[in-house]
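Trainee: 3D model of this:
(one chain, ligands or ions: 1)
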Amino acid sequence: MIKQNIPFYLQEKLKDFTIESLSDLMQYDYLKVFAWLRDIYPSSSYKVLYDLYCIVSNLPLNSLDIAREKHLRQLYKKILPCYAPLKTTSIKRYLDLAYEQAELAGKQNEIPVGVVIVKDEKVIGCGYNFSKTTNLPGMHAEICAITNASRYLNSAYLSGCDLYVTIEPCLMCSGAIINSRIKRVIFGALESKTGAVVSQYQVFDNKAVNHHTQVYGPIDSVKYSKALRNFLQSKR
Ligand SMILES: [Zn+2]
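Mentor: The predicted structure follows:
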């Protein structure tokens, strides 16, 4: 009977996800763990996937045949996009910054929705709804922030960037997010009428059009919709 150990080269890397033992590893889907490793260590080869599979299946390393290896690669591609977990502290910090943007919108009698875009722990773009002031219906917070971040990076593609938005994005903004290849969308509160992430449509779930963007949310619907609720109540 084989008693599998985690090879030394993997031990250090798995600590990033607080996986320190075989029993820790067994709690997760090995395909997801491989996706997390590839997110943080992009040069990780499929050999790592095969090793993970052998470890959790209690098989000797390097014992898979070609057909099994191909099958594992296909399974892995089906779960994409799947990135390393975000830290809870980061989610709160950046959503709170997005909320400050929402409050700025409210002060200008705009619908209070705010966005920040983050790359490598740095805010590279922010924005809030600006439709009424400009008479442009497309000037949603996400579009303004994407425009700012694209100018900052001098690129139409925001690969590796995370977008934090207080309210679930609409259909238009979800399209813009996919087109700009944003890595992750983290939204604070559900928007039951116009939300296109979970509420009315599930745009990001369509693997045929979305190869890049993973979504997290709602994080706290009561907290992050407060400015919007107060604004709508004041209009009644
Ligand atoms: Zn929108």
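Trainee: all helices for this protein, in order.
Mentor: 8-14, 22-26, 30-40, 46-57, 66-78, 88-107, 131-134, 141-153, 171-179, 221-224, 226-235 (DSSP state H).
Trainee: low-scoring stretches of this protein, by residue?
Mentor: Counting by pLDDT under 70, the chain shows low-confidence ranges at 1-4.
Trainee: before we move on, the earlier item: with respect to Val115, which of the helices of the chain lies nearest?
Mentor: Val115 lies closest, by CB to CB, to one member of these: helix 141-153, at 3.9 Å. The way it works is simple: take the backbone N, C-alpha and C, and place the C-beta from them, glycine included.
Trainee: helices and strands around the closest one, which ones?
Mentor: Helix 141-153 is packed against helix 88-107, strand 114-119, strand 122-128, strand 162-167, helix 171-179, with contacts defined by 3 or more CB pairs under 8 Å, 6 or more residues apart in numbering; DSSP states H and E.
Trainee: Cys82 is nearest to which of the ones you listed?
Mentor: Of all those, strand 162-167 sits nearest to Cys82, with 14.4 Å by CB to CB.
Trainee: Now do the closest one: which elements does it pack against?
Mentor: Counting contacts by 3+ CB pairs under 8 Å, 6+ apart, strand 162-167 packs against helix 88-107, strand 114-119, helix 141-153, strand 184-189, helix 226-235.
Trainee: Given that strand, what are its sheet partners and their directions?
Mentor: In the sheet, strand 162-167 lines up against strand 114-119 (antiparallel), strand 184-189 (parallel) (DSSP bridges).
Trainee: which bits of the protein sit near the ion?
Mentor: Residues of the chain lying near the ion by CB under 5 Å from the ion: His140, Cys170, Cys173.
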